[in-house]
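[1] What shape does this take:
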Amino acid sequence: MKPFPRTGGPVEREDGYLPLEAYAALGEGRSVALSGADGSIDWWCCPNLDSPPLFDRLLSPHEGGYFSVTPDAPFTAEIGYRDGSNVHETVFTTATGRARLTESLNSGPAGRLPWAELARRIEGIQGRVRFRIELVFGTRGDTAGPFLSSNASGTAFHVADLMGLFRYSEGIRIDGEDDHAIKASVEVSAGQRETVAIVAGEHEPLVVAPVADIDRRIDGSCDAWRNWTERLGYAGRYPEQVGRSALALKLLLYSPTGAIAAAATTSLPEGIGGKKNYDYRYAWVRDAGYVIKAFLRLGAHAEASAALTWLVRHLEEHGAQVLFTLNGEMVSEEEELDLPGYRNSRPVRTGNAATGQHQHGIYGDIFETAERFVAGGGMLDLRSGALLARLADECAEKWKMKDAGIWELPEQQHYTGSKISCWQALARAVEMAEKGYLPGTCKDRWVRARDRVADWIEEHCWSEAKQAYVMYPGSDKLDASMTLAVRFRYGSADRLRATCEAIDRELGRGPYHYRYSGVDAEEGCFLACTFWLCEAMALLGQNDQASEKFEAVVAALDRNSGTYAEMADPQTGGFLGNLPQGLTHLALIQAAATLSGLDL
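    Model prediction:
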């Protein structure tokens, strides 16, 4: 447990908003809730991670829904996850006492429950603490009007197709309820324990579970998380940070299908007041590939296999798309919701414009993932092998084309990173064909295409003036994603080392790094880029310098319980962008494993 904020002062909202680093993520393999350090759950898409939000105070502080359990007197807070678990605890200290709030999105003894169950236990530790409890029903992004209904089994709330029950123990006093909110209160003394919970589902009847059973499932859920983490096979450096990042990634694995969401939120801005606010509750091929590789390095083979199976199935169904819904369907075009946005950063979006883009990087991501899977002892079925062969042919045909690049930019260009990804895909395809994992009838074509791509990159993308690979031919911009070329086993060590030095020099800001030249006016530093640089430096033999950079950024990110966002403001250290961000957590895992000398 550590104080939030780290200065130990009060937890404060600014115009209704908490800083993003105030949030911890809860989950059970189907949905993710964000709980603030003041005891307010301000984001929960229920029952699924990509459902419309039930609680959306995160994006609408004065009108949005939330579920708060907060002391009714001034307080300070200490926060932290239980060891090896995604069950979270907050200890509140007031002038009259101390109390603990323990929170969980519960699972059952046989795995995920048929319904969503958000449980919150309030325990007195010392003296007496009085809590104010508020359950304010959201409008699912301002699209539905909530209402209550009662029968002999109790009172239910309804928001569009969602039905939920507010469950509470005997010590909780209901102070008022209407179609907008339920308000309650409780005072706990040392040794006293009370529980409040939400049980919810969509288009389904609900079991009215006894509160005692819900409370017991908090500890049962914690045991399940710990059983999972204890089975991980990681034996390298920085085990605390790696374990916490593995648990964050596990939250983003959508268990009904095996898809991996990029993040659990939509429209959290990459720059406060800016328009780079996107919906990340989808499965990107890039992120899925990286997460699969991270799970393989951690020994989480079941999760890696499930995610790869999902990925191959939907690539076969829809072709080489950039992203899919969590159910494997095509993502809709962007729509805007009439919400204020986080710190008034508009627009608030659902859907994603990247659904219409082509990115060469997906070829490299797919083949690197498949190659790592078989290198770890996995076996590809004949259907998957045939699909990969077709994609290798497609890559050999399309590598000459412009694309949107890894950063999904509106300007189509011959991005250097995209060409290197094509080289990576063809190189891995050749290696897998040579080992018998892929049909080898087109191997010679892949060899020729691989070599042509490399020759083109060396001729057009290297800048003598910059002593670095530039973002695209004719540009003097640098792209931090070029650090990934080292992991991809591309090119000469000397040129890659010089490129990494240029990236660190020109894109670095304190312990962080921007994505590419000129983007600093629009957004914060992209956290994964720093971890990619650390990994690249270690692979290039600069282990001491890489370790120093890794430890510096981890120290800078030590602002909450371990839920990392996409970006950080280099001036303040405040988090920016959607969270928990899978790419950040998996980049940390990859860097730590490489710094530990573990196999790629």
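[2] now the helices: where do they sit in the chain?
    211-230, 239-252, 285-298, 301-318, 361-375, 382-398, 416-434, 443-460, 484-487, 493-507, 527-539, 543-557, 582-595 (DSSP state H).
[3] would JSON lines of the ones you listed with mean pLDDT and mean neighbour count be doable?
    Using the backbone N, CA and C atoms, a C-beta is placed for each residue, glycine as well. What follows is those, written out as JSON lines (pLDDT from 0 to 100; neighbours: other Cβ atoms under 10 Å):
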{"stretch": "helix 211-230", "mean pLDDT": "97", "mean neighbour count": "17"}
{"stretch": "helix 239-252", "mean pLDDT": "96", "mean neighbour count": "22"}
{"stretch": "helix 285-298", "mean pLDDT": "86", "mean neighbour count": "25"}
{"stretch": "helix 301-318", "mean pLDDT": "88", "mean neighbour count": "19"}
{"stretch": "helix 361-375", "mean pLDDT": "91", "mean neighbour count": "24"}
{"stretch": "helix 382-398", "mean pLDDT": "95", "mean neighbour count": "18"}
{"stretch": "helix 416-434", "mean pLDDT": "97", "mean neighbour count": "26"}
{"stretch": "helix 443-460", "mean pLDDT": "98", "mean neighbour count": "17"}
{"stretch": "helix 484-487", "mean pLDDT": "97", "mean neighbour count": "22"}
{"stretch": "helix 493-507", "mean pLDDT": "98", "mean neighbour count": "18"}
{"stretch": "helix 527-539", "mean pLDDT": "98", "mean neighbour count": "27"}
{"stretch": "helix 543-557", "mean pLDDT": "98", "mean neighbour count": "17"}
{"stretch": "helix 582-595", "mean pLDDT": "96", "mean neighbour count": "27"}
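[4] Reformat those helices as JSON lines; add distance to Trp44.
    Formatted as JSON lines, the helices of the chain follow (distance: least, Cβ to Cβ, whole Å):
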{"stretch": "helix 211-230", "distance to Trp44": "16"}
{"stretch": "helix 239-252", "distance to Trp44": "13"}
{"stretch": "helix 285-298", "distance to Trp44": "22"}
{"stretch": "helix 301-318", "distance to Trp44": "23"}
{"stretch": "helix 361-375", "distance to Trp44": "30"}
{"stretch": "helix 382-398", "distance to Trp44": "36"}
{"stretch": "helix 416-434", "distance to Trp44": "36"}
{"stretch": "helix 443-460", "distance to Trp44": "45"}
{"stretch": "helix 484-487", "distance to Trp44": "34"}
{"stretch": "helix 493-507", "distance to Trp44": "36"}
{"stretch": "helix 527-539", "distance to Trp44": "24"}
{"stretch": "helix 543-557", "distance to Trp44": "24"}
{"stretch": "helix 582-595", "distance to Trp44": "18"}
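[5] Report the strand of the chain that spans the greatest number of residues.
    strand 116-136 (DSSP state E).
[6] gap between that strand and the chain center?
    27 Å (Cα atoms, centre = their mean, to the nearest Å).
[7] Export only the CA atoms of it, formatted as PDB.
    Only the C-alpha atoms of strand 116-136 are listed here, as PDB (Å, rounded to 0.1, in the frame of the first residue of the first chain):
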ATOM      1  CA  ALA A 116     -21.400  -9.400 -13.700                       C
ATOM      2  CA  GLU A 117     -20.800  -9.000 -10.000                       C
ATOM      3  CA  LEU A 118     -19.000  -5.900  -8.700                       C
ATOM      4  CA  ALA A 119     -18.300  -6.300  -4.900                       C
ATOM      5  CA  ARG A 120     -17.100  -3.700  -2.400                       C
ATOM      6  CA  ARG A 121     -16.200  -4.700   1.200                       C
ATOM      7  CA  ILE A 122     -16.000  -1.900   3.800                       C
ATOM      8  CA  GLU A 123     -14.000  -2.900   7.000                       C
ATOM      9  CA  GLY A 124     -13.200  -0.800  10.100                       C
ATOM     10  CA  ILE A 125      -9.600  -0.900  11.100                       C
ATOM     11  CA  GLN A 126      -9.300   1.700  13.900                       C
ATOM     12  CA  GLY A 127     -11.700   4.100  15.500                       C
ATOM     13  CA  ARG A 128     -14.900   4.900  13.500                       C
ATOM     14  CA  VAL A 129     -15.400   6.000   9.900                       C
ATOM     15  CA  ARG A 130     -18.600   7.000   8.400                       C
ATOM     16  CA  PHE A 131     -19.100   6.500   4.600                       C
ATOM     17  CA  ARG A 132     -21.500   8.000   2.100                       C
ATOM     18  CA  ILE A 133     -22.500   5.600  -0.600                       C
ATOM     19  CA  GLU A 134     -24.000   6.800  -3.900                       C
ATOM     20  CA  LEU A 135     -25.100   4.700  -6.900                       C
ATOM     21  CA  VAL A 136     -25.900   7.100  -9.700                       C
END
